[in-house]
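> okay, predicted coordinates and the sequence, questions at the end:
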Amino acid sequence: MKNKEKVIGVLGGMGPEATASFYRKVIRETKVQKDQDHFRTIIDSNPKIPDRTEAILYDGPSPVSEMVRTAKNLQQAGATVAVMPCITAHYFYSAIQNEVSIPIHHVLKGLNAYINEDYPDVDKIGVLSTSATKETGLFQQHLLNKEIVYPNAFEQENKVMRAIYGENGIKQGNTGNGPKQLLLEVADRLIKEEHCELIIGGCTEVELVLHSDDMTVPFIDPMRVAARDLTKSKTAD
């Protein structure tokens with residue numbers, strides 16, 4: 001019996017540009033000779049999903065029901081596996097996975113495996129993420145046996161969150177030098193003063209402005225790792 005072909009479903013819109021960026025990563029990570037070698041990919045970019053940081057830290061509207069509805073749309077459309085291009089959304093991972101029968105690729109678990117394989121000697125990792133991801137300890141839970149270092153409170157609010165959510169931030173459509181410089185200042189201090197051996201773009205907006213050649217230690221984009229994981233096999237699990 002022929003194995004069923006994998007169809008990738010993207011539970012997107014958190015935010016839209018990060019969703020588009022992830023789809024480009026899937027394309028680039030897929031080994032092809034012609035158009036037909038690419039994966040069928042179903043994207044539901046649903047920006048109406050309530051903000052995850054607001055829900056977690058400030059008692060804002062829960063995103064779960066809208067995320068579940070979007071995941072079910074992907075399943076009904078024929079996706080055999082789903083992925084969420086939003087790190088903070090993984091706080092709600094179990095609540096979403098419990099409502100659909102297709103597997104949802106866990107980006108942080110995949111990242112843990114990747115770091116253990118490619119950077120086994122790294123012990124101290126700096127993370128640039130939303131405040132919700134920082135406060136919920138998502139990276140500590142899933143990057144096993146590593147010391148996770150976040151920006152200090154001032155940097156987190158006045159540089160990282162400003163770069164992501166600020167008036168001229170990435171979620172406002174600004175992927176230029178302003179937010180990039182704010183994030184680089186924090187990354188530079190984590191490397192020089194905290195002695196971090198690796199920096200992770202712990203929010204999908206961060207990788208829209210930061211790249212590996214911007215710093216003196218490896219910079220890891222979790223969504224590129226997820227794209228590699230999802231494109232390793234052409235067949236559904």
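Arrived safely, thanks for sending.
> what's the neighbour count on Ile170?
Using other Cβ atoms under 10 Å, Ile170 has 26 other residues around it. For every residue, glycine as well, the C-beta is placed using N, CA and C.
> that one contacts Thr204, doesn't it?
No - contact criterion Cβ atoms under 8 Å: Ile170 and Thr204 do not qualify, at 9.5 Å.
> quick one, helices of the protein?
Taking DSSP state H to define them, one finds helices in the chain at 16-29, 52-58, 64-77, 93-97, 107-118, 131-136, 138-142, 153-155, 161-165, 177-192, 222-230.
> how about the ones you listed in CSV, adding mean neighbour count, distance to Gln36 and mean pLDDT?
CSV is the format used below for the helices of the chain (neighbours: other Cβ atoms under 10 Å; distance: least, Cβ to Cβ, whole Å; pLDDT from 0 to 100):
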stretch, mean neighbour count, distance to Gln36, mean pLDDT
helix 16-29, 18, 13, 96
helix 52-58, 18, 36, 96
helix 64-77, 18, 20, 98
helix 93-97, 16, 31, 98
helix 107-118, 17, 27, 97
helix 131-136, 21, 38, 96
helix 138-142, 19, 35, 96
helix 153-155, 12, 47, 97
helix 161-165, 23, 38, 96
helix 177-192, 18, 37, 96
helix 222-230, 22, 18, 98
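> relative to Asp44, which of those is closest?
With Cβ to Cβ, the closest approach to Asp44 among the helices of the chain belongs to helix 64-77: 4.9 Å.
> got the contact list for the closest one?
Contact with helix 64-77 is made by 9-11, 13, 42, 44, 46, 48-50, 82, 84, 89, 92, 95-96, 99-102, 104, as judged by Cβ atoms under 8 Å, 6 or more residues apart in numbering.
> tell me which of the residues you listed fall in strands.
Of the positions in the contacts of helix 64-77, 9-11, 42, 44, 82, 104 sit in strands, assigned by DSSP state E.
> which of these lies closest to His211?
Nearest member of these to His211, counting by Cβ to Cβ, is Val10, at 22.0 Å.
> can you get me a residue count around the residue nearest to Ile164 when sequence neighbours are not counted?
Leaving aside its chain neighbours, Ile164 sits nearest to Glu205 (4.9 Å; criterion: Cβ to Cβ, 6 or more residues apart in numbering). When neighbours are defined as other Cβ under 10 Å, Glu205 has 27 of them.
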